[in-house]
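1. Sequence below, structure please.
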Amino acid sequence: MRSIREIIRSRRSCRAYLPEPLPRETIEQLITDAVWSPSGSNNQPWRFAVIQGKEALRRYSDLAKRGLLERLDELPHLQQYEQYLRDPDFSIFYDAPALVVIYGNRSSRWRVNDCTMVAYNLMLLAEDAGLGTCWIGFSHDLLDLEAVKQELEIPLEYDLVAAILLGRPDPGKVGAPPARKPFTTRFVGG
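-> Next up, the predicted model:
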């Protein structure tokens, strides 16, 4: 059994998945365990939607790419990805079998912090279970649209916080995590 330190250090963003679907029970258990994170005033402001299947994820990918390309002049940080966004074969979801979408209730001041901790718990739990994950920023604008929230049966007072891919990594396409080092460590006082 790996230690939490080993799990943290082995987790990496996965962009190559095996095509096999994940059992619903596996995804439900990961979410059930992931919500055991702190939340401000114990508000637990999260809601989840799970999108599964190649066709559904391809549809959302195409919609997201179209929306990003329409606004590319307003999004200079995404211009470096233009060739990928224009490629009809490129899926922003990397052909993963599932996407876990985490929304936070805007009535909770700390919803972004709380839901981000849940997202990271989900990623660590998936790593421990031998699954790969990747936070997909390309999907943010699309998944926060009112029409999409209605499709996913998410109340409109919830805002998108995270979209996390989930699947079995393709072992032939996964490398080692890059090295990390803190930029600054400063201790103040005592």
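
2. Tell me the secondary structure at the most centrally placed residue in the chain.
-> Nearest residue to the geometric centre of the chain (C-alpha atoms, centre = their mean): Ile164, 1.9 Å. What DSSP: H, G, I helix; E, B strand; the rest coil gives for Ile164 is strand.

3. wait, what's in contact with it?
-> Ile164 is in contact with Leu99, Val100, Val101, Ile102, Ala119, Leu122, Met123, Thr133, Cys134, Trp135, Ile136, counting by C-beta atoms under 8 Å, 6 or more residues apart in numbering. Backbone N, C-alpha and C define where each C-beta goes, glycine included.

4. Restricted to helices, list those.
-> Members of the contacts of Ile164 lying in helices (criterion: DSSP state H): Ala119, Leu122, Met123.

5. At which residues are the helices of the chain located?
-> Under DSSP H, the chain gives helices at 4-10, 24-34, 54-70, 82-86, 111-128, 140-143, 146-151.

6. Packing partners of the fifth one?
-> When contacts are defined as 3 or more C-beta pairs under 8 Å, 6 or more residues apart in numbering; DSSP states H and E, helix 111-128 packs onto helix 4-10, helix 24-34, strand 46-52, strand 98-105, strand 132-135, strand 158-167.

7. beta partners of Thr133?
-> Here Thr133 sits in beta bridges with Ser13, Leu166, going by DSSP bridges.

8. burial measure for it, as a count.
-> 25 (other C-beta atoms under 10 Å).

9. How about Asn113?
-> Around Asn113 there are 16 residues (other C-beta under 10 Å).

10. give me every residue that touches it.
-> Gly40.

11. so Pro19 sits right up against Tyr94, yeah?
-> No. Look at Pro19 against Tyr94 with C-beta atoms under 8 Å: they stay out of range, at 11.4 Å.

12. Those two: which has the busier surroundings?
-> Between Pro19 and Tyr94, counted using other C-beta under 10 Å, the more crowded position is Tyr94 (20 against 11).

13. Apart from its chain neighbours, what residue comes closest to that one?
-> Using C-beta to C-beta, 6 or more residues apart in numbering and skipping residues adjacent in sequence, the residue nearest Tyr94 is Arg15, 4.6 Å away.
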